[in-house]
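**Q** Everything below, folded, please.
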Amino acid sequence: MSILITNIKQLLQVHNSNITIVKGEAMKTLPIIENAYLYIEHDTIIEYGEMKDCEGIEAETTIDATGKLVLPSWCDSHTHIVYSGDRTSEFVDRINGLSYAKIAKNGGGILNSAKLLQDTNEEDLYNQSIKRLDELIKMGTGAVEIKTGYGLTVEAELKMLNVIKRIKQDSLAKIIPTLLAAHAIPEAYRPKKQDYIKLITEELIPKAAELNITKYIDVFCEEGYFDIEDTEAILKAGLKHNLRPKIHVNQFNILGGVALGVKHNALSVDHLEELNNNDIEALKNSETIPVALPGCSYFLSIPYTPARQLIEAGLPLAIATDYNPGSAPSGNMNFVVSAACVKLKLTPEEAINAATINGAYAMGISNMYGSITRGKKANLIITKPLNHYSEIPYAFAHNPVEQIIINGQLFN
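**A** Predicted coordinates:
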């Protein structure tokens, strides 16, 4: 199949040579072509340029994008979309004054989701999750990382991995599975946490590695969950099976998880609502990208990641939804881009870079996704008529997406 998009008002994130990450001051630059065309064959971007150079190109499908923008689809590098049911009751509890920690102590939170998931069969779990993914794609997301972590037993975690594998096989979107091996401590293991860590390191990780579904391992490094020593033991067990870290750090407390992630060559360190100079120094000259999750801060009314400090230190930044039933029940990357501008004080250029090329980097796929570059995959957003790309974050409650092309195919 071939597609020719013509009369594009603004073609965004255009790079003639491949780019895999943007850092610091460079995040303020968003390369564009005005009055452009884009030509796709099969699943690949073949050619693009100004409309005056489009003559003679023929395609099976031609899309007239007069007045519209075209940009790479959003790359959401942190989600938990494989879950069962919801946690609406906890939302009401928080409105009535209960904290996230208090809800968790009362058996809610992750433990609540784990019980629901353990009681849900694989087929039902798949159906719930693929429906969520299709909703994300319609909002412009073309690449998604999906974590396990709501199983809390070996059997349930492996069930989640198998569901993610099915989603990866069935969806046109690019799916990156991650084993969130240590998300919370089950009630039965509260008095004997080390036994649970042993279960993770000696049984769950080896069995998950045998399935050959994921290349990444994650830990929730946080007070009341897994401390630095726990996290390092789990990461080392994962590394023995060639699972690279992508870890939750600094959501509520600074424990030293950022430096630990860098030490073990984590692809990303995610959350960072709390941050200090030691964390910033640790990230410098590393291959680890910080990831901010403003939707979680919005929903829980907790601090926002100090993104300006990171960027002004010359670091890269990605943004993601953290889509999950308890602390960020939305996968709308358009809102995340807007929240990054309003709450993280990113410019529209920085936010779009954080949600495309840097989001792809945070999943290890930016060599093929996240920019308009010849030879990269054709995962694209065609917007509704807009005057300028700044309208995407400006009109925060509106959906700017008119059409989606995923893997070279129009998605309906």
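
**Q** Quick check: which element contains the nearest residue to Y189 once chain neighbours are set aside?
**A** Spatial nearest neighbour of Y189, excluding adjacent residues (Cβ to Cβ, 6 or more residues apart in numbering): Y196 at 3.8 Å. For the C-beta atoms, the positions are set from N, CA and C on the backbone; glycine is no exception. Assessed by DSSP states H and E, Y196 sits inside helix 193-199.

**Q** Can you name the next helix or strand after that helix?
**A** helix 205-211.

**Q** what residues does that next one touch?
**A** Contact with helix 205-211 is made by 154, 157-158, 161-162, 165, 179, 181, 214, 217, 234, 237-238, 240-243, as judged by Cβ atoms under 8 Å, 6 or more residues apart in numbering.

**Q** So for that helix, what gets flagged as buried?
**A** Using 16 or more other Cβ atoms under 10 Å as the test for burial, helix 205-211 gives I205, A208, A209.

**Q** Can you spell out which helices and strands pack onto whichever helix or strand comes after it?
**A** Heading C-terminal from helix 205-211, the first helix or strand you meet, by DSSP H and E, is strand 216-219. Secondary-structure packing of strand 216-219 (3 or more Cβ pairs under 8 Å, 6 or more residues apart in numbering; DSSP states H and E): strand 174-182, helix 228-240, strand 244-249.

**Q** how about those in JSON lines, adding mean neighbour count?
**A** Shown next, in JSON lines, are the helices and strands packed on strand 216-219 (neighbours: other Cβ atoms under 10 Å):
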{"stretch": "strand 174-182", "mean neighbour count": "26"}
{"stretch": "helix 228-240", "mean neighbour count": "19"}
{"stretch": "strand 244-249", "mean neighbour count": "28"}
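
**Q** export these to JSON lines and tack on mean pLDDT and distance to N16?
**A** Listed next are these as JSON lines, based on pLDDT from 0 to 100; distance: least, Cβ to Cβ, whole Å:
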{"stretch": "strand 174-182", "mean pLDDT": "98", "distance to N16": "23"}
{"stretch": "helix 228-240", "mean pLDDT": "98", "distance to N16": "37"}
{"stretch": "strand 244-249", "mean pLDDT": "98", "distance to N16": "30"}
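
**Q** CA atoms only: put the helix or strand containing V70 into PDB for me.
**A** Secondary structure from DSSP H and E places V70 in strand 68-72. The C-alpha trace of strand 68-72 is given here as PDB (Å, rounded to 0.1, in the frame of the first residue of the first chain):
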ATOM      1  CA  LYS A  68      -3.800  20.400   8.800                       C
ATOM      2  CA  LEU A  69      -0.600  19.300  10.500                       C
ATOM      3  CA  VAL A  70       1.200  16.000  10.300                       C
ATOM      4  CA  LEU A  71       3.600  14.800  13.000                       C
ATOM      5  CA  PRO A  72       4.900  11.500  14.300                       C
END
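
**Q** dump the residue contacts of L386.
**A** L386 neighbours (Cβ under 8 Å, 6+ apart): K9, G67, K68, L69, I392, P400.

**Q** May I have the phi/psi pair for the first one?
**A** In this entry, K9 is assigned phi and psi values of phi -60, psi -50 (degrees, to the nearest 10).

**Q** list the contacts for it?
**A** So K9 contacts E34, N35, A65, T66, G67, K68, L69, P385, L386 (Cβ under 8 Å, 6+ apart).

**Q** and which of those residues is nearest to S129?
**A** Nearest to S129, judged by Cβ to Cβ, of the contacts of K9 is L69 at 30.1 Å.

**Q** so that closest one touches L380, yeah?
**A** No: at 10.3 Å, L69 and L380 do not qualify as touching, with contact defined as Cβ atoms under 8 Å.

**Q** just checking, what packs against the strand holding V70?
**A** strand 2-12, strand 380-385.

**Q** what's the angle between the longest one and strand 380-385?
**A** Just to be clear, that refers to strand 2-12. Relative orientation of strand 2-12 versus strand 380-385 (axes from the mean of the first three to the mean of the last three Cα atoms, to 10 degrees): 60 degrees.

**Q** next helix or strand past strand 2-12?
**A** strand 32-41.

**Q** Centre-most residue in this protein?
**A** Nearest to the mean C-alpha position of the chain, counting by Cα atoms, centre = their mean, stands S77 at 1.9 Å.

**Q** Can you get me a residue count around the closest residue to that residue other than its chain neighbours?
**A** Once flanking residues are discounted, S77 sits nearest to A362: 3.7 Å by Cβ to Cβ, 6+ apart. For A362, the count of nearby residues is 32 (other Cβ atoms under 10 Å).

**Q** Point me to the residue sitting farthest from the middle of this structure.
**A** G56 (38.9 Å).

**Q** Could you check which helix or strand contains that residue?
**A** Remark: G56 resides in no helix or strand, with elements defined by DSSP H and E.

**Q** Show me the contact partners of the helix or strand that contains Q403.
**A** Element membership for Q403 (DSSP H and E) is strand 401-406. For strand 401-406, the external contacting residues (Cβ under 8 Å, 6+ apart) are 3, 40, 63, 68, 73, 137-140, 142, 172-173, 334, 378-384, 410-411.

**Q** how about 10 Å then?
**A** Applying Cβ atoms under 10 Å, 6 or more residues apart in numbering, the contact partners of strand 401-406 are 3, 5, 38, 40, 43, 61, 63, 65, 68-70, 73-74, 137-143, 171-174, 333-334, 377-386, 392, 410-412.

**Q** Separate out the buried members of the residues you listed.
**A** The neighbour count (16+ other Cβ under 10 Å) marks 3, 5, 38, 40, 43, 63, 65, 68-70, 73-74, 137, 139-143, 171-174, 333-334, 377-383, 386, 392, 411 as buried among the contacts of strand 401-406.
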